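1. Attaching a predicted model along with its sequence, questions to come.
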Amino acid sequence: MGGDIREESGVVQVLSAALQGTLFGGFAGAAEAAWAHPVSDPTKTSELTLQQSFKLVQRRAALFGAAAVAYIGTECMVNSWSGERVWQGTFLGGMATGGVIGIYKASPVAGFAGGVGVGLGMLVLDYNGGSFISRSERSLNKMKVLEWEKSE
């Protein structure tokens with residue numbers, strides 16, 4: 001297991017994405033519960049009960065975890081079928097993520113529209129150098145060049 005992200009197995013990447021997505025979703029849910037939106041009627045309280053706050057954190061954690069698993073799982077599956085990193089993996093991973101979020105929030109139509117939007121967005125980010133994977137690969141390549149220069 002070197003530093004290159006493509007050397008990790010798909011199972012490791014999916015489990016890592018599930019953990020990271022769930023943790024971030026839990027944080028986002030806790031922040032949302034802490035800053036509950038005030039209601040328009042000042043006589044009613046806008047504070048959430050502990051049980052409502054816990055459900056909100058659970059929902060956000062599940063949504064973010066599912067979205068992360070959908071993206072990484074789909075991308076790893078497509079890339080493993082092709083034997084290399086291809087643009088279709090990025091696009092289909094983004095479509096799966098947008099689909100999960102859209103279906104959870106609204107309807108299958110919103111899931112499809114969100115899937116296409118997120119898929120295109122991920123494709124643009126990935127191939128414009130905006131993704132973290134591209135940056136890490138570039139820095140790894142620079143490190144390999146530096147190591148090669150030192151060995152001469």
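-> That came through fine.
2. what sits against residue 64?
-> Residues near residue 64 by C-beta atoms under 8 Å, 6 or more residues apart in numbering: 21-22, 24-25, 28. No exception for glycine: its C-beta is placed from N, CA and C like everyone else's.
3. ok, and it, which helix or strand is that part of?
-> Assigned by DSSP states H and E, residue 64 belongs to helix 50-82.
4. I'd like the distance between residue 111 and residue 97.
-> Residue 111 is 10 Å from residue 97, where distance means C-beta to C-beta, to the nearest Å.
5. Residue 24 too?
-> 14 Å.
6. do residue 54 as well
-> Using C-beta to C-beta, we find residue 54 at a distance of 25 Å from residue 97.
7. Comparing those two, which shows the higher neighbour count?
-> Neighbours per residue (other C-beta atoms under 10 Å) separate residue 54 from residue 97, with residue 97 holding more: 26 against 14.
8. Tell me, how many residues neighbour the closest residue to the more buried one other than its chain neighbours?
-> Distances taken as C-beta to C-beta, 6 or more residues apart in numbering place residue 71 nearest to residue 97, at 4.3 Å, with adjacent residues excluded. Look at residue 71: counted by other C-beta under 10 Å, it has 26 neighbours.
9. so residue 71 makes contact with residue 93?
-> Yes - shown here, residue 71 and residue 93 form a contact pair, counting by C-beta atoms under 8 Å, at 4.3 Å.
10. Next, show the common contact partners of the two.
-> Common neighbours of residue 71 and residue 93 (C-beta under 8 Å, 6+ apart) are residue 122.
11. what residues are up against residue 115?
-> 94-99, 102.
12. quick one: the residue positioned nearest the centre of the chain from residue 52, how far?
-> The chain has residue 68 as the residue nearest its centroid, 3.8 Å off, counting by C-alpha atoms, centre = their mean. For residue 68, the distance to residue 52 equals 25 Å [C-beta to C-beta].
13. Give the buried residues for stretch 109-122.
-> Buried residues in stretch 109-122, counted by 16 or more other C-beta atoms under 10 Å: 110-111, 114-116, 118-119, 122.
14. can I have it written out in CSV, keeping just the CAs?
-> Provided in CSV are the C-alpha atoms of stretch 109-122 (Å, rounded to 0.1, in the frame of the first residue of the first chain):
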residue,chain,number,x,y,z
VAL,A,109,-37.3,13.1,-10.9
ALA,A,110,-35.3,15.3,-8.5
GLY,A,111,-32.9,12.4,-8.1
PHE,A,112,-32.3,12.1,-11.8
ALA,A,113,-31.9,15.9,-12.2
GLY,A,114,-29.6,16.1,-9.2
GLY,A,115,-27.7,13.1,-10.5
VAL,A,116,-27.0,14.7,-13.9
GLY,A,117,-26.1,18.0,-12.3
VAL,A,118,-23.7,16.5,-9.7
GLY,A,119,-22.2,14.1,-12.3
LEU,A,120,-21.4,17.0,-14.7
GLY,A,121,-20.1,19.0,-11.8
MET,A,122,-17.8,16.2,-10.6
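15. No further queries at this time; thank you.
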